[in-house]
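**Student:** below: sequence and its predicted model.
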Amino acid sequence: MTWKIVADSGCDYRQLPTLAIDTDFVSVPLTIQVADQVFIDDANLDINHMMETMYATSEASKSACPSPDD
C-alpha cells in the first residue's frame, strides 16, 4: 500500500532524517496576504519584497491554508 501525505508549505517534513517507505509527501503552498498584496509560499516567493511590504504597512498580515483544489 502506498500512502500520500499532503501538507502545507509550513510543514518541515524535509527535515526528517529518513522518509517512510511507500509514502509520498506533497507540499501545497500557503497564501500570505500583506496589505493589498497576496504572496504564494512557493519556490518563486520573493521574501525580501514580502518583508519590505510587511514593514511598510501597519495592517496585520494574514495567511490561509491551501484550498482542497490546490
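**Tutor:** That came through, no problem.

**Student:** the helices in the protein, which residues?
**Tutor:** Applying DSSP state H to the chain gives helices spanning 47-56.

**Student:** show me the shaky parts of it.
**Tutor:** 70 (pLDDT under 70).

**Student:** now do the strands in it.
**Tutor:** Under the criterion DSSP state E, the chain contains strands at 3-8, 23-28, 31-34, 37-40, 62-64.

**Student:** which other residues reach stretch 43-57?
**Tutor:** Residues outside stretch 43-57 that contact it (C-beta atoms under 8 Å, 6 or more residues apart in numbering) are 32, 34, 35, 37, 39, 61. (Each C-beta comes from the backbone N, C-alpha and C, glycine too.)

**Student:** for that stretch, what is the distance to the chain centroid?
**Tutor:** Its chain's average C-alpha position is 14 Å from that of stretch 43-57, according to C-alpha atoms, centre = their mean, to the nearest Å.

**Student:** same thing with stretch 1-15?
**Tutor:** With C-alpha atoms, centre = their mean, you get 12 Å for stretch 1-15.

**Student:** first-to-last residue distance for that stretch?
**Tutor:** Taking C-alpha to C-alpha, to the nearest Å, stretch 1-15 runs 24 Å from one end to the other.

**Student:** residues of it that come out buried?
**Tutor:** 8, 9 (16 or more other C-beta atoms under 10 Å).

**Student:** relative to residue 56, how far out is the residue nearest the centre of the chain?
**Tutor:** The chain has residue 9 as the residue nearest its centroid, 2.9 Å off, counting by C-alpha atoms, centre = their mean. Per C-beta to C-beta, to the nearest Å, residue 9 is found 24 Å from residue 56.

**Student:** now do residue 46
**Tutor:** In terms of C-beta to C-beta, residue 46 sits 14 Å off from residue 56.

**Student:** before we move on, back to that, show me what contacts the residue nearest to the centre of the chain?
**Tutor:** 27, 28, 29, 30, 41, 42.

**Student:** I'd like those residues as TSV, with distance to residue 14 and neighbour count appended.
**Tutor:** Shown next, in TSV, are these (distance: C-beta to C-beta, whole Å; neighbours: other C-beta atoms under 10 Å):
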residue	distance to residue 14	neighbour count
27	8	17
28	14	17
29	14	17
30	15	19
41	14	19
42	14	12
